[in-house]
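K.L.:
Provided below for reference: sequence and predicted model.
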Amino acid sequence: MVRESERSFTLEEIHRLLPDLEVRITRFLEKKAAYARMHDQLLMEELLQDIEGRQGTPAAAAPDEEAGKLELAISELEREISEMRRLGCLLQDLEKGWVDFPAQRNSERIYFCWKRGDPSVRFYRLCSTAASERRPLE
């Protein structure tokens, strides 16, 4: 539900923001993919160390440096999300690139709906409806 204190966007404002949002979401997804690779690598190293320890092979020191890099990557992801939220839009699904913008239309509070890759906003939904209940703009 849109709170009265939330920003209210016009279509023109949203369309000016779209190129920046496109870049931000792409950057977020790239960082998330890098985070997933680092996580998988760290997990694999820990599993190998556990196996070596069970076989009596002296285990190497824990990969603290890699764990630190992973924590930094998580912090960067959180920062990216915070920056997008500060714009005033609502992040419905970053994986799919779905973003809603609080707005006013015909004296009714709505959300304009945009999906990454779309050149413009083509849908809206009532504040009282689910994100999946989008309606086409006329």
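P.N.:
Thanks, I have it.
K.L.:
Can you tell me the closest non-neighbouring residue to Leu94?
P.N.:
Distance criterion CB to CB, 6 or more residues apart in numbering; nearest residue to Leu94, sequence neighbours excluded, is Phe28 at 6.0 Å. Just so you know, the C-beta spots here come from the backbone N, C-alpha and C atoms, and that holds for glycine as well.
K.L.:
How many neighbouring residues does that neighbour have?
P.N.:
21 (other CB atoms under 10 Å).
K.L.:
just Leu137 next, same as before
P.N.:
Leu137 has 13 neighbours, counted by other CB under 10 Å.
K.L.:
hmm, back to that, tell me who's in contact with the residue nearest to Leu94.
P.N.:
Leu77, Glu80, Ile81, Met84, Leu94 (CB atoms under 8 Å, 6 or more residues apart in numbering).
K.L.:
so it is in which element?
P.N.:
Secondary structure from DSSP states H and E places Phe28 in helix 11-54.
K.L.:
Backbone torsions only: list them for Phe101.
P.N.:
phi -120, psi 120 (degrees, to the nearest 10).
K.L.:
wait, doesn't it sit right on Leu91?
P.N.:
No - using CB atoms under 8 Å, Phe101 is not in contact with Leu91, being 10.9 Å away.
K.L.:
looking at this structure, which helix or strand is least sure?
P.N.:
helix 64-86 (a mean of 80; mean pLDDT, DSSP states H and E).
K.L.:
Grab the most central residue of the chain for me.
P.N.:
Leu94 (3.5 Å; CA atoms, centre = their mean).
K.L.:
Can you pull out the low-pLDDT segments for this structure?
P.N.:
Residue ranges of the chain with pLDDT under 70: 1-5, 57-64, 66.
K.L.:
As a quick check, tell me the outermost residue of it.
P.N.:
Outermost residue of the chain (CA atoms, centre = their mean): Gly56, 43.5 Å.
K.L.:
and it, what helix or strand is that in?
P.N.:
Going by DSSP H and E, Gly56 is not in any helix or strand.
K.L.:
all numbers from here: first residue = 56
P.N.:
Renumbered: residue one is now 56, and that last one reads Gly111.
K.L.:
what about Lys163, distance to Ser63?
P.N.:
To be clear, residue 163 is Glu; Lys isn't right here. Distance, Glu163 to Ser63, by CB to CB, to the nearest Å: 12 Å.
K.L.:
Kind regards, and thank you for your time.
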